[in-house]
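Undergrad: Following is a predicted model, sequence given first.
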Amino acid sequence: FTRLTTHGPFYPPRVETIVNAVRYGAHLNEEQLQKSRELVAEFADVFALSIREVKPVDFIKFHLQIPQDATFSKRVHQRPLTKPQREYLFPVLDDMRRAGITRFIPSDKVKAVASTVLVQKAH
């Protein structure tokens, strides 16, 4: 169930999943926790359960101002990913491809190459 299906963003199982996925501070008392959960449920349409739920926008475009004659490194300096890194990264890349965010391109169309850096969040 996603917000982009016929059920819509306020489909009760979807709202429940979102409310349960949000991490609420341990410092909240019961009343504050309940109000927070209700607020999340009220605005469930702004949450995405997967990258495929993120809607593209057409009112803004990001354009890099790169001179036509600029050249970038096409040499790969990537250290091999560890098994846990691969287990995390590859499904994320697959999701991004399925969502239409990334795509495979022929090697002769590559303009630049950069290493992938995975960093664990502090919290």
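TA: Okay, I see it.

Undergrad: Thought residue 102 was touching residue 96, still the case?
TA: Yes: between residue 96 and residue 102 there is a contact under CB atoms under 8 Å: 4.5 Å. All C-beta atoms are positioned from the backbone trio N, CA, C, and that covers glycine.

Undergrad: need the helices for this protein, in chain order.
TA: 12-21, 30-42, 83-98 (DSSP state H).

Undergrad: Residue 51 is nearest to which of the ones you listed?
TA: Closest to residue 51 of those is helix 83-98 (CB to CB; 5.1 Å).

Undergrad: List the contacts of that closest one.
TA: 50-52, 81, 102-104, 116, 118 (CB atoms under 8 Å, 6 or more residues apart in numbering).

Undergrad: now, the most widely separated pair of those residues?
TA: 52 and 81 (23.8 Å).

Undergrad: Look up how far residue 111 lies from the closest residue to residue 110 other than its chain neighbours.
TA: Leaving aside its sequence neighbours, residue 110 sits nearest to residue 74 (CB to CB, 6 or more residues apart in numbering; 6.1 Å). Per CB to CB, to the nearest Å, residue 74 is found 8 Å from residue 111.

Undergrad: again with residue 25
TA: 44 Å.

Undergrad: Could you do residue 31 as well?
TA: Residue 31 is 55 Å from residue 111, by CB to CB.

Undergrad: So what's the gap between stretch 16-26 and the chain middle?
TA: 18 Å (CA atoms, centre = their mean, to the nearest Å).
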